[in-house]
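A.B. asks: Sharing a model prediction with you, sequence too.
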Amino acid sequence: MTRRQLTGWGRTMASYAEVLSPNSEEAIARALEAGPAIARGLGRSYGDPAQLSGGVVLTNRDLGGIGPIASDGSVTVGAGVSIDELLTLAIPQGWFVPVTPGTRQVTFGGAIAADVHGKNHHRDGSIGDHVTSMRIVTPIGAFDTSPSEHAELFWATIGGMGLTGVITSLTLRLIKIETDRVLVDTTRFANLDGVMAAMVEGDDRYRYSVAWVDCMTKGASMGRGILTRGDHARASDVSDAALVAPKGARLTIPVDAPSGLLNPLSIRLFNEAWFRYAPRSRQGEEQSIGSFFHPLDGVNDWNRLYGRRGFVQYQFAVADAYGDVVVRAIERLSSSGVPSFLAVLKRFGPANHGPLSFPMAGWTLALDLPVGPATLPTVLDDLDEMVLAAQGRVYLAKDARLRPDVLRSMYPRLGDFLAVKQQYDPHHRLTSDLARRLNLGGN
Amino acid sequence: MDNAFGQPQRVIVLGGTSDIARAITKKLVDARAHTVILAGRDVARLDQAAAEAREFGATTVATTALDAEDPASATATVARAFEAAGGSVDLVIIAVGLLGDQTADEVSPEATLRMMSVNFTWPVVALTEIRNRLLAQGSGRILVISSVGAIRVRRTAYLYGGAKAGLDRLCDGLADSLEGSGVSLQILRPGAVRTRMTEGLPEVPFTTGPNEVAEYVMTGLGGQQRVIWSPPLLKYVYFILRHLPKALWRKIMER
Ligand SMILES: Cc1cc2nc3c(=O)[nH]c(=O)nc-3n(C[C@H](O)[C@H](O)[C@H](O)COP(=O)(O)OP(=O)(O)OC[C@H]3O[C@@H](n4cnc5c(N)ncnc54)[C@H](O)[C@@H]3O)c2cc1C
């Protein structure tokens, strides 16, 4: 057991905890018996869900192991296995994960606890929709769960931010790929309306779709953006079909950048360059899996670019009928002078059964915002109000500043979640800094 | 818990009736604080401050008595405040202070003792208890209200300034000792503030209102700087003042 300072990817809210790496159900059970604890993966969530000040943090990295891949794509993995590790093994055999977030450096435990989505949510749903069973150690015992066995625990754990138990292993179904390439169509749009109209009209034709939107421009080019969509290339689509897993990062940010490096001017320049660099329109471009799905993984520790104060990510979802909230949110940011890197806009398909799962049919927008501007806290509170008024919600895996009462209104099934948590964790052994901040049980 | 902007949810304010403390409390409640425990001497003003906190949206507000002239009582006062908070405390503010009346106080041993008790001894005893409790919790922050007067003690307020200087310097060491513990301490050094304490006195340069101080505190709580200056420019002004030759210093300060 070692005492360590922990933060999320945004590097705010540092707190200290005893860190333990259990490698057996017994070790996890012992830790849960002793007192407040929470699981942690690779710390890629932005805020405070994987830390617990003054408590015990159970890293999942010793819960390893990757089983054989069955002919239907089923594979059983330890909860501490990362998507990167599985892909290294699976891609050469012609398999790919059904859902991947924008980085491969997440564990399956963390991915399920956040019920992560990828660029294909509008078509394939989130990771929880592809999990067929999970082994979960709760404070009252270990359970084999699936959509038909202890289903309420299964679904509460999907998106449950580690608060219902520690997942030790799980089985999910991979998808077949013929090559390690993606065929990508790119279109540049002069403003947000253009981007959104194109997504509504054409996303269904693509497995993967995402738009990058510039939040720093005002007026007619407000929200100009680049839409990239594609699917895995078939062997017959490319001349040199191969199945090679992506390589590690080539670059590392060695030290914290000075706070203020990312200021309105530098971010505006970056966004401008990004926009200019993109082709107006290009069809069927071959991209590697790494550069299409995980462009940021090319640089290790890029979060240090935000300096010592760190940054927050604000991601919300709203139904189609409230598409105007996307527009108004970007307007609110660009008019308040709060700098934001390119925002990511995606379309979501229907929600699943997870009471705390984030995705819901409609739009989702994610914004990276450096901590520092004095107006940022209130601007984000205003965005919460807009999202709430549209019956939308904010993503817990990214959150670092929501109000507990606002969370309650955003997740109408929070009561169901807390009832399951009470059943499997009657003495509040599982809690986290996030749970304390948002009143999700535990003290 | 604190959020990414350093906005706390459970707060204890010792000396919660002062104008600066009330302005800070209002802003904290407006941000994220749902629980506010106020300790103070003047019961009527304490109730006013509590009503204010509720009005701004705090859901749990409690008050408790505080007598800074009796340093031996500090431990019990802090204990009562922590119990009333009913959960882990994110921020403790020490806003206890007495400006006094220098001309009258400097000839009176009793008044001198009072000035030291209120401005130094009581806060230090309280800090020890706070430190112990936050360390046991594994997290939490402390904000101590010092004064720019602590940087170079003036002839016209040497009892107040001297006591604050002791507190300020002691807190610097205390903050160092907390490094790596999950608990941290910040020192607020406000310049002259328009408050009840200064009513009727002539206004000096860089005087601000309590709301401006609170504004700088909110920004300061969002960062990790040890010292929060209000207004921030005073950091540079006092760097110069501190190094002025004695004669010039006296001349500037004794107007
Ligand atoms: C660059 C980048 C891009 C991203 N892109 C996306 C995206 O496109 N879509 C998306 O949905 N998310 C995205 N994310 C967020 C990320 O996918 C999630 O935060 C994910 O949960 C991180 O996994 P982790 O292993 O790092 O878990 P951590 O961040 O360490 O933990 C996250 C949660 O998982 C819980 N947990 C961890 N292990 C277990 C376990 N064994 N049992 C139970 N609970 C456990 C923790 O308690 C915590 O609540 C992105 C993050 C980054 C940094």
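C.D. replies: Arrived safely.

A.B. asks: where along the stretch 1-150 of chain B do the helices fall?
C.D. replies: Counting by DSSP state H, counting those that start in this stretch, the stretch 1-150 of chain B has helices at residues B:19-31, B:43-55, B:74-85, B:102-105, B:109-116, B:122-137.

A.B. asks: Which of the ones you listed sits closest to chain A?
C.D. replies: Nearest to chain A among the helices of the stretch 1-150 of chain B is helix B:122-137; the distance by C-beta to the nearest C-beta comes to 5.6 Å. Quick note: C-beta positions are derived from backbone N, CA and C, even for glycine.

A.B. asks: And stretch A:121-140, end to end?
C.D. replies: Start and end residues of stretch A:121-140 are separated by 34 Å (C-alpha to C-alpha, to the nearest Å).

A.B. asks: do stretch B:174-185 as well
C.D. replies: Counting by C-alpha to C-alpha, the length from the leading to the trailing residue of stretch B:174-185 is 8 Å.

A.B. asks: Chain B contacts on chain A?
C.D. replies: Taking C-beta under 8 Å from any C-beta of the partner chain as the criterion, chain A approaches chain B at residues A:5, A:10, A:12-13, A:15-17, A:47-48, A:53-55, A:308-310, A:312, A:371, A:374, A:376-377, A:400-401, A:403-404, A:433-434, A:436-437, A:443.

A.B. asks: how about the helices of the stretch 1-150 of chain B in CSV, adding mean pLDDT, distance to A:Asp237 and mean neighbour count?
C.D. replies: Written out in CSV, the entries for those read as follows (pLDDT from 0 to 100; distance: least, C-beta to C-beta, whole Å; neighbours: other C-beta atoms under 10 Å in any protein chain shown):
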stretch, mean pLDDT, distance to A:Asp237, mean neighbour count
helix B:19-31, 97, 54, 23
helix B:43-55, 97, 65, 16
helix B:74-85, 98, 63, 19
helix B:102-105, 96, 86, 14
helix B:109-116, 98, 83, 15
helix B:122-137, 97, 59, 20
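
A.B. asks: Now the stretch 1-150 of chain B against the ligand: closest residue?
C.D. replies: Shortest the stretch 1-150 of chain B-to-the ligand distance, computed as C-beta to the nearest ligand atom: residue-wise this is B:Met1, at 14.3 Å.

A.B. asks: Helices of chain A, start to end?
C.D. replies: Ranges of helices within chain A are A:25-34, A:83-90, A:108-113, A:121-124, A:151-157, A:192-202, A:264-277, A:289-293, A:323-336, A:376-389, A:404-410, A:414-424, A:433-438, based on DSSP state H.

A.B. asks: So which residues make contact with the second one?
C.D. replies: Counting by C-beta atoms under 8 Å, 6 or more residues apart in numbering or on different chains, helix A:83-90 makes contact with A:66, A:69, A:75, A:77, A:96-97, A:100-101, A:104-108, A:111, A:174, A:245-246, A:289, A:297, all of which sit outside it.

A.B. asks: mind running it again at 6 Å?
C.D. replies: Counting by C-beta atoms under 6 Å, 6 or more residues apart in numbering or on different chains, helix A:83-90 makes contact with A:66, A:97, A:100, A:104-106, A:174, A:245, all of which sit outside it.

A.B. asks: and of the residues you listed, the nearest to chain B?
C.D. replies: Nearest to chain B, judged by C-beta to the nearest C-beta, of these is A:Val106 at 20.3 Å.

A.B. asks: Tell me how many other residues crowd that closest one.
C.D. replies: Taking other C-beta atoms under 10 Å in any protein chain shown as the criterion, the count of residues near A:Val106 is 25.

A.B. asks: For the residue in the stretch 101-250 of chain B positioned nearest to chain A, give me phi and psi.
C.D. replies: As assessed by C-beta to the nearest C-beta, chain A sits closest to B:Gly138 within the stretch 101-250 of chain B, at 2.2 Å. For B:Gly138, the backbone dihedrals are phi 90, psi 0 (criterion: degrees, to the nearest 10).

A.B. asks: what about B:Arg22, distance to A:Gly10?
C.D. replies: 32 Å (C-beta to C-beta, to the nearest Å).

A.B. asks: Tell me where the stretch 151-255 of chain B has helices.
C.D. replies: Counting by DSSP H, counting those that start in this stretch, the helices of the stretch 151-255 of chain B are B:158-178, B:210-221, B:234-242, B:246-253.

A.B. asks: Quick one: those as CSV, columns for mean pLDDT too.
C.D. replies: Shown next, in CSV, are these (pLDDT from 0 to 100):
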stretch, mean pLDDT
helix B:158-178, 98
helix B:210-221, 96
helix B:234-242, 93
helix B:246-253, 88
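
A.B. asks: which residue is nearest the middle of chain A?
C.D. replies: The C-alpha lying nearest the average C-alpha coordinate of chain A belongs to A:Val116 (C-alpha atoms, centre = their mean; 4.9 Å).

A.B. asks: That one against A:Ile127, yeah?
C.D. replies: Yes. At 5.1 Å, A:Val116 counts as touching A:Ile127 under the criterion of C-beta atoms under 6 Å.

A.B. asks: CA atoms only for stretch A:243-258 - export them in PDB, please.
C.D. replies: The C-alpha trace of stretch A:243-258 is given here as PDB (Å, rounded to 0.1, in the frame of the first residue of the first chain):
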ATOM      1  CA  LEU A 243      -3.700  -6.100 -40.000                       C
ATOM      2  CA  VAL A 244      -1.200  -4.300 -37.800                       C
ATOM      3  CA  ALA A 245      -2.000  -2.900 -34.400                       C
ATOM      4  CA  PRO A 246      -1.300   0.800 -33.700                       C
ATOM      5  CA  LYS A 247       2.100   1.800 -32.200                       C
ATOM      6  CA  GLY A 248       2.800   3.700 -29.000                       C
ATOM      7  CA  ALA A 249       3.200   7.400 -28.800                       C
ATOM      8  CA  ARG A 250       6.100   9.100 -30.500                       C
ATOM      9  CA  LEU A 251       6.200  12.200 -28.400                       C
ATOM     10  CA  THR A 252       6.000  13.000 -24.700                       C
ATOM     11  CA  ILE A 253       5.300  16.300 -23.000                       C
ATOM     12  CA  PRO A 254       8.000  16.100 -20.300                       C
ATOM     13  CA  VAL A 255       7.000  19.000 -18.000                       C
ATOM     14  CA  ASP A 256       4.000  21.200 -17.200                       C
ATOM     15  CA  ALA A 257       3.600  24.000 -19.600                       C
ATOM     16  CA  PRO A 258       3.400  27.400 -18.000                       C
END
